[in-house]
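**Student:** coords please:
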Amino acid sequence: QVQLVESGGGPVQAGGSLRLSCAASGRAFSTYTMGWFRQAPGKEREFVAAISGGGGSRAYADSAKGRFTISRDNTKNTVYLQMSSLTPEDTAVYYCAADQRFMTAEKYAYWGQGTQVTVSS
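**Tutor:** A predicted model of the protein is given here:
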């Protein structure tokens with residue numbers, strides 16, 4: 001069992017930056033792929049980024065490439081999403097997820113409660 005708690009969301013101006021964190025409890029954090037997803041108002045939840053257990057593999061949605069960076073610190077059981085050059089289109093609830101498989105699909109076994117990011121123009 002893995003429990004995930006996101007933090008770091010909030011309001012930000014367009015062009016600004018924000019770093020989201022996701023703290024995991026449970027065992028063997030380094031064996032889990034960690035993913036970030038987001039859901040904007042009126043839209044379906046979508047993949048943002050993923051990182052493998054050891055950090056050697058990463059994947060990004062096209063919308064995130066060049067602006068977002070996913071990283072993890074296995075000594076702290078934490079995964080991060082550094083976001084820069086934010087636009088109002090990035091406004092969404094951001095979710096952290098964990099699974100033993102490396103994937104971009106929304107089939108992760110464990111999910112956090114989400115953290116709101118609001119980008120104003």
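
**Student:** apart from its neighbours in sequence, what residue is nearest the most centrally placed residue in the chain?
**Tutor:** Closest to where the C-alpha atoms of the chain average out (Cα atoms, centre = their mean) is residue 36, at 2.6 Å. Nearest non-adjacent residue to residue 36, counting by Cβ to Cβ, 6 or more residues apart in numbering: residue 48, 4.3 Å away. In this view, the C-beta of every residue, glycine as well, is placed from N, C-alpha and C.

**Student:** which parts of stretch 41-60 are buried?
**Tutor:** Buried residues in stretch 41-60, counted by 16 or more other Cβ atoms under 10 Å: 45, 47, 48, 49, 50, 51, 52, 53, 59, 60.

**Student:** from those, pick the one nearest residue 13.
**Tutor:** Proximity to residue 13 was ranked across these by Cβ to Cβ; first place goes to residue 48, at 20.2 Å.

**Student:** quick one: contacts for the closest one?
**Tutor:** Taking Cβ atoms under 8 Å, 6 or more residues apart in numbering, we find residue 48 in contact with 35, 36, 37, 38, 60, 61, 63, 64, 68, 81, 94.

**Student:** can you select the buried ones from those residues in PyMOL?
**Tutor:** Taking 16+ other Cβ under 10 Å as the burial criterion, the selection of buried members of the contacts of residue 48 in PyMOL is written as:
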select buried, resi 35+36+37+38+60+61+64+68+81+94
